[in-house]
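Trainee: Below are the sequence and a predicted model; questions follow.
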Amino acid sequence: EVQLVESGGGLVQAGGSLRLSCAISGFTVDDSAIGWFRQAPGKEQVGISCINTSDGYTYYEDSVKGRFTISRDNAKNTVWLQMSSLKPEDTAVYYCNAESFGTPLYNWGQGTQVTVSS
């Protein structure tokens, strides 16, 4: 059974930083695309970053480019999202998932809440 466990969220002031973790079990992340998604209040869930765990290729959505950094440790089956220069508009529940061309592959975990105060 695939499990995705996100952690690291919290309340932070604008300009602050957080590091989110995605612990994955049930499949190995080698040669996978793992993405971070977020859902803000009243809005649809969107993908914001992705990493190819085989070659390290990364993608960032424009709104987070230059502020967020995705990384992985294949041996630990873990993917992180380092978030810096946080803005109130980054407030959302953040989720991770394996994906194929932006389409999530597994059931969602519980997510981790990020709240950025102005």
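Mentor: Structure received.

Trainee: Start from the N-terminal end of the protein and give the strands.
Mentor: Here the chain has its strands, by DSSP state E, at 3-7, 10-13, 18-25, 33-39, 45-52, 58-60, 68-73, 78-83, 92-100, 103-104, 112-117.

Trainee: give me the number of residues near residue 2?
Mentor: 13 (other C-beta atoms under 10 Å). Where C-beta positions appear, they are placed from N, C-alpha and C, glycine not excepted.

Trainee: show me the contacts for residue 88.
Mentor: Residue 88 makes contact with 14, 116, 117, 118, according to C-beta atoms under 8 Å, 6 or more residues apart in numbering.

Trainee: Going through these, which ones are buried?
Mentor: Burial by neighbour count, 16 or more other C-beta atoms under 10 Å: within the contacts of residue 88 this picks out residue 116.

Trainee: quick one: which of the contacts of residue 88 is nearest residue 68?
Mentor: Ranked by distance to residue 68 (C-beta to C-beta), the contacts of residue 88 are led by residue 116 at 12.7 Å.

Trainee: For that closest one, name its beta-bridge partners.
Mentor: Taking DSSP bridges as the rule, residue 116 bridges to residue 12.

Trainee: Alright, calling it a day.
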